[in-house]
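*Asks:* my questions concern the predicted model and sequence given below.
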Amino acid sequence: MRWTPGGRSKNLDDRRGRPLRGARGAGIGLGGMLLLLVLSVIFKQDFLSLVTTGGGVDMMPTASYDTAAYQASPDEERLVEFVSFVLDDAQAVWRDKFAGMGQSYQDAKLVLFRAGVQSACGFAETATGPFYCPGDEQIYIDLGFYDELAQRFGAPGDFAQAYVLAHEIGHHVQRRLGIEEQVRQAQRARPGAANQYSVLLELQADCFAGVWGHSTARRNILDPDDLEEGLGAAAAVGDDRIQRSATGRVNPETFTHGSSQQRMQWFQRGFQSGNPSACDTFAENR
Ligand SMILES: [Zn+2]
């Protein structure tokens, strides 16, 4: 991609320097525990149970961060600027698209983390891979995933990296449009079809990533290999490819994201059309 390193996005929440230590309940630290104990005594209510039992824990800000500055390599710092660029560029495109539909777009935030992170969707580790949490409307990524994408998944290149982020932004678009909520309801109504619905939701996010790709192509900021890199990444994270490399077998019944072929197809559909309404993966399943 042709882009100019230009610092950090205002929607970036950098938590790399503050890795989470220990269990979630211990997240508030000793000082916090003591404070809750004091509050419990004063108000005669058990505030400690708020953090030591389930429920509210997921929503609590985690305070067990290491405040020491995180030392990133120059390569990683460049990556931070690149994801900042993609985040801002893609969200500007979606703001326009929403305006065209008479709707207002609200930015998602991007949380950078290392090792582990607390989100409204629960605790996540690096192995979870990049994800979008509808509960707090934030995207979470451990930049180390990009090494894995290039090496283990065999999908190198900056546009492969951009695709991953654009896909997560696609989930935010689904959230803002109310699609995500409809799908969750449909899944609750038909638990047997939950995986199928998940695949349709994921393929639509791929298509939405392509919609952004279309805009970058029109603005002439793609390199000749970029589309191929994006398609390579979409194929690399296909359920069939991942299952085959993990277990040697492929079981379409358990697909949650779609096959490599499907993921490439839908990304391409968005890329060619530039039109979100071309991304109705649910059309044939209504
Ligand atoms: Zn997804």
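*Replies:* Received, thanks.

*Asks:* from now on I want contacts and neighbour counts done on CA atoms only, so please keep to that.
*Replies:* OK.

*Asks:* what residues sit buried inside the helix or strand where residue 90 lies?
*Replies:* Using DSSP states H and E, residue 90 maps to helix 74-100. By 16 or more other Cα atoms under 10 Å, the buried positions in helix 74-100 come out as 79-91, 93-95, 97-98.

*Asks:* show me what contacts residue 161?
*Replies:* By Cα atoms under 8 Å, 6 or more residues apart in numbering, the contact list for residue 161 reads 146, 230, 233.

*Asks:* is it within a helix or a strand, and which one?
*Replies:* helix 158-176.

*Asks:* now that helix: mean pLDDT?
*Replies:* Taken as a whole, helix 158-176 has an average pLDDT of 97.

*Asks:* got the angle for the helix or strand just after that helix vs helix 158-176?
*Replies:* Once the chain leaves helix 158-176, the next helix or strand it forms, by DSSP H and E, is helix 179-189. Here helix 179-189 points in a direction 70 degrees away from that of helix 158-176 (axes from the mean of the first three to the mean of the last three Cα atoms, to 10 degrees).

*Asks:* what angle do the helix or strand just after helix 179-189 and helix 158-176 make?
*Replies:* With elements assigned by DSSP H and E, the helix or strand that comes after helix 179-189 is helix 194-218. Taking the same axes, to 10 degrees, one finds helix 194-218 and helix 158-176 inclined to each other by 120 degrees.

*Asks:* and the next helix or strand past helix 194-218?
*Replies:* Sequence order places helix 226-236 as the next helix or strand after helix 194-218, per DSSP H and E.

*Asks:* show me the shaky parts of this protein.
*Replies:* 18-34, 36-37, 40-69, 285-286 (pLDDT under 70).

*Asks:* any idea how it splits into domains?
*Replies:* Listed by automatic domain parsing, the domain ranges of the chain are 21-59, 74-285.

*Asks:* ok so, going back, what's the closest of the contacts of residue 161 to residue 164?
*Replies:* Comparing the contacts of residue 161 against residue 164 with Cα to Cα places residue 233 closest, at 7.7 Å.

*Asks:* quick one, what contacts that closest one?
*Replies:* So residue 233 contacts 149, 153, 155, 156, 160, 161, 163, 164 (Cα under 8 Å, 6+ apart).
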